[in-house]
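K.L.:
Just the structure for this:
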Amino acid sequence: MTGVVIGVLLVLILAALVVVILLLQRRREVPAASAAPRDPFAASEHTAGDPRALKAGDMVEYLGTRYFVRGSLRIREGGFTWSEHLLDADTRDGGKVWISVEEDPDLEVVWWTEIDIGDLRPDARHLTVDGVEYRRDEHGTADYTSEGTTGLGVTGRVEYVDFEGPRGRYLAFEQFGGGTWEAGVGERVPDGSLTIYPGS
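P.N.:
Next comes the predicted model:
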């Protein structure tokens, strides 16, 4: 009788082992879940680091030169938001250098250099600067908050007029808090040419 019980127990143990082995084999054979679809134009594909996360204290490398982000403006107009970041390096003529970051809907990063406004006025439909012709594109008023060092108060309003030129070139006018107009020329940052090192 005990031999029969032992035999039955051995058969049950063997059956359990076979079931466990089959389950393990089946688990190995199940194909891995395919990766979630990704946006081929996402920022991570074009730059090292995410320009949308730039903040004071970060470092940016562009065309072989490194710059520290001194401060940022977070700008909102209705449902649209964008950022402008002041960099530590000044141009040869003493003007400021900025980077703007906007998604509308694709990510657009533009490198801006301050220019002397001279007799330029933002109410013209077309303007020519250094031989490049720009056409008026947008005009509006937005609210901003300032972080770090920007030369502006913590919050305020900015009026802007944007002009678009050929091959990713831009001209922009900004007037903060009803003050004097400031102007800058910009060029779209080519994919893969910007590296971001987050600050501590």
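
K.L.:
Tell me the first helix or strand C-terminal of the strand ranked longest in the chain.
P.N.:
Scanning the chain for the strand with the most residues, using DSSP state E, yields strand 132-148. Next helix or strand after strand 132-148 toward the C-terminus (DSSP states H and E): strand 155-164.

K.L.:
Output the helix or strand following that following strand in PDB with nothing but the alpha carbons.
P.N.:
Toward the C-terminus, strand 155-164 is succeeded by strand 169-176 as the next helix or strand (DSSP H and E). Provided in PDB are the C-alpha atoms of strand 169-176 (Å, rounded to 0.1, in the frame of the first residue of the first chain):
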ATOM      1  CA  ARG A 169      16.700  83.300 -40.300                       C
ATOM      2  CA  TYR A 170      14.700  85.600 -38.100                       C
ATOM      3  CA  LEU A 171      14.400  89.200 -36.900                       C
ATOM      4  CA  ALA A 172      12.600  89.900 -33.700                       C
ATOM      5  CA  PHE A 173      11.600  93.100 -31.700                       C
ATOM      6  CA  GLU A 174      10.700  93.000 -28.100                       C
ATOM      7  CA  GLN A 175       9.400  95.800 -25.800                       C
ATOM      8  CA  PHE A 176       9.300  94.900 -22.100                       C
END
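
K.L.:
Check the offset of stretch 180-196 from the chain's centre.
P.N.:
Relative to the chain's own centre, stretch 180-196 is displaced by 12 Å; criterion: CA atoms, centre = their mean, to the nearest Å.

K.L.:
what's the first-to-last distance across it?
P.N.:
In stretch 180-196, first residue to last residue: 32 Å (CA to CA, to the nearest Å).
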